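[1] please find the sequence and the predicted model below.
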Amino acid sequence: MQTTYPEVSEDKYRHSFKEQDLVQAGVAVRVLMWVMLPMGFIDVLFHQLSAVTAGLLLLRGITLLYSGWLLQKLKSLGAAPVVTTYLLRWVVLVMAVQWMSNACTPSDYFGHYLIDIWGCLMIFIMVPIPLSILRIPVITFIIASLLLMVFKHAPYYGYSLVVAMMLPASAVTGHAIASYVHRYRRMLLSAEKELDRQTNIDPVTGVANWREFIRLADTEFERHKGLIKPISILVLHIADFKKINEDYGSETGDVILLEVTRRIKRVMRSYDILARYGSDEFCVLLPEAAAGDAQKIAGRTHSTVVSIPVTVNGKEIKIEASIGVATAREGDDFSTLLHRAGDARGKGKVSTFMVA
């Protein structure tokens with residue numbers, strides 16, 4: 001059975017593979033730069049020293065200069081859309097110059113088409129531009145090249161027919177390979193994201209687990225300390241949770257945990273951070289909450305959690321909880337703040353909240 005994972009957006013996909021794509025783009029540009037040199041030599045052989053030769057060499061020179069500039073630019077480019085824009089311009093320039101060079105060759109010469117067949121295949125595979133965008137210039141180039149073949153005279157009919165079939169076939173093949181690679185990379189990225197998510201959440205309640213909470217809280221605590229803004233923490237303990245599991249079973253205990261999670265979320269602000277701490281405790285980090293605000297949130301949380309019994313399988317189970325809340329003081333770090341909130345909770349009664 002194939003496992004399915006959440007879809008990854010185009011922006012996240014491009015950002016995740018940005019470094020690899022930049023390296024791949026650099027390889028594609030270098031390869032096409034080297035191909036330009038013998039192609040320029042062929043132009044000279046066909047046209048000798050003429051205005052046509054000078055024009056083609058000028059266009060190939062511009063392409064080489066742009067390619068060299070693009071190689072340097074790729075080292076500093078950041079956002080994926082910017083990379084796409086520069087590479088798309090490069091692809092259009094390369095194809096336009098190649099088509100003009102092909103148009104200027106003798107009518108019985110088809111050697112450039114062999115390069116075109118290879119080029120269409122490699123551009124789809126090597127150039128990291130979204131296929132929906134890359135299809136437009138490549139299809140345009142193929143149509144223009146096939147129309148150009150009307151004015152060509154192959155040594156025999158079968159030769160021109162093979163070339164006419166191979167050109168779109170190479171593009172279809174390159175597109176299929178690139179599409180498969182993109183699809184595989186998306187599946188790989190989706191699996192990695194889902195694994196990270198599962199590693200960082202509590203499997204019962206779906207909120208952050210303790211490891212993820214520590215990571216988020218440390219970051220938030222340091223940010224608030226740098227901005228000199230208040231920050232508080234709330235620790236909630238479900239009383240007699242072990243007894244609930246023993247009397248009613250672990251499935252009922254899971255229902256209690258889920259309901260408590262929902263009730264805490266009703267009181268939380270959108271930017272508060274909730275995590276399950278141990279088997280019967282929850283922590284809520286309260287950014288930008290001074291002591292008075294934290295106490296109000298703690299009071300509302302306590303009232304919401306214990307106000308109504310939870311009905312499980314026709315039985316009403318009353319929830320008792322104790323809450324400790326603490327606000328950061330000068331010299332506190334996150335562990336100190338958490339310890340004070342835990343101490344405050346421990347000093348409280350079975351169903352109350354205490355302030356440190």
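    Yep, that arrived.
[2] list the residues that contact the closest residue to Ser101 other than its chain neighbours.
    Sequence neighbours aside, Leu56 is the residue nearest to Ser101 in space, at 5.5 Å (criterion: Cβ to Cβ, 6 or more residues apart in numbering). From N, CA and C alone the C-beta is placed, and that goes for glycine too. By Cβ atoms under 8 Å, 6 or more residues apart in numbering, the contact list for Leu56 reads Gly40, Asp43, His47, Val97, Met100, Ser101, Cys104.
[3] could you redo the last one with a cut-off of 7 Å?
    For Leu56, the contact set (Cβ atoms under 7 Å, 6 or more residues apart in numbering) comprises Asp43, Ser101, Cys104.
[4] output the below-cut-off pLDDT ranges for the protein.
    Scanning the chain for pLDDT under 70 picks out 1-6, 77-80, 347-356.
[5] tell me which stretches of it form helices.
    10-16, 18-47, 51-74, 80-104, 111-126, 131-149, 157-200, 210-227, 241-248, 250-267, 291-306, 334-347 (DSSP state H).
[6] ok, of the contacts of Leu56, which one's closest to Leu93?
    Nearest to Leu93 among the contacts of Leu56 is Ser101, at 12.5 Å by Cβ to Cβ.
[7] nearest to Lys318, of the helices of the chain?
    Closest to Lys318 of the helices of the chain is helix 291-306 (Cβ to Cβ; 7.7 Å).
[8] show me what counts as buried in the closest one.
    For helix 291-306, the neighbour count (16 or more other Cβ atoms under 10 Å) marks Ala291, Ala294, Gln295, Ile297, Ala298, Gly299, Thr301, His302, Thr304, Val305, Val306 as buried.
[9] summarise which helices and strands it is packed against.
    Applying 3 or more Cβ pairs under 7 Å, 6 or more residues apart in numbering; DSSP states H and E, we find helix 291-306 packed against strand 231-238, helix 250-267, strand 321-327, strand 352-355.
[10] make it 6 Å
    For helix 291-306, the packing partners by 3 or more Cβ pairs under 6 Å, 6 or more residues apart in numbering; DSSP states H and E come out as helix 250-267, strand 321-327, strand 352-355.
[11] roughly how far is that helix from the heart of the chain?
    Centroid separation for helix 291-306 versus its chain: 37 Å, with Cα atoms, centre = their mean, to the nearest Å.
[12] do stretch 13-21 as well
    8 Å.
[13] cool, and stretch 25-37?
    Using Cα atoms, centre = their mean, the distance from the centre of stretch 25-37 to the centre of the chain it belongs to is 28 Å.
[14] domain parsing of the protein, as residue ranges.
    Domain ranges of the chain: 10-197, 210-355, per automatic domain parsing.
[15] okay, now Glu281: neighbour count?
    By other Cβ atoms under 10 Å, the residues close to Glu281 number 18.
[16] how about the nearest residue to it, chain neighbours excluded?
    Nearest one to Glu281, counting by Cβ to Cβ, 6+ apart, is His237 at 5.0 Å.
[17] show me what contacts the one you found?
    Contacts for His237 (Cβ atoms under 6 Å, 6 or more residues apart in numbering) come out as Glu281, Ser322, Arg345.
[18] 10 Å instead?
    By Cβ atoms under 10 Å, 6 or more residues apart in numbering, His237 lies in contact with 277-278, 280-282, 320-324, 342, 345-346, 348, 350.
[19] nearest to Lys315, out of the helices of the chain?
    Here helix 241-248 is closest among the helices of the chain (Cβ to Cβ), at 7.2 Å.
[20] list the buried ones in stretch 87-97?
    Those would be Leu87, Leu88, Trp90, Val91, Leu93, Val94, Met95, Ala96, Val97, for stretch 87-97 by 16+ other Cβ under 10 Å.
[21] of all the helices of the chain, which one is nearest Ile273?
    Closest to Ile273 of the helices of the chain, according to Cβ to Cβ: helix 210-227, at 5.4 Å.
[22] same for the closest one, what does it pack against?
    helix 157-200, strand 231-238, strand 273-277, strand 281-287, helix 334-347 (3 or more Cβ pairs under 10 Å, 6 or more residues apart in numbering; DSSP states H and E).
[23] with distance to Gly253 added, can I get those in a markdown table?
    Formatted as a markdown table, the helices and strands packed on helix 210-227 follow (distance: least, Cβ to Cβ, whole Å):
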| stretch | distance to Gly253 |
| --- | --- |
| helix 157-200 | 21 |
| strand 231-238 | 9 |
| strand 273-277 | 13 |
| strand 281-287 | 14 |
| helix 334-347 | 20 |
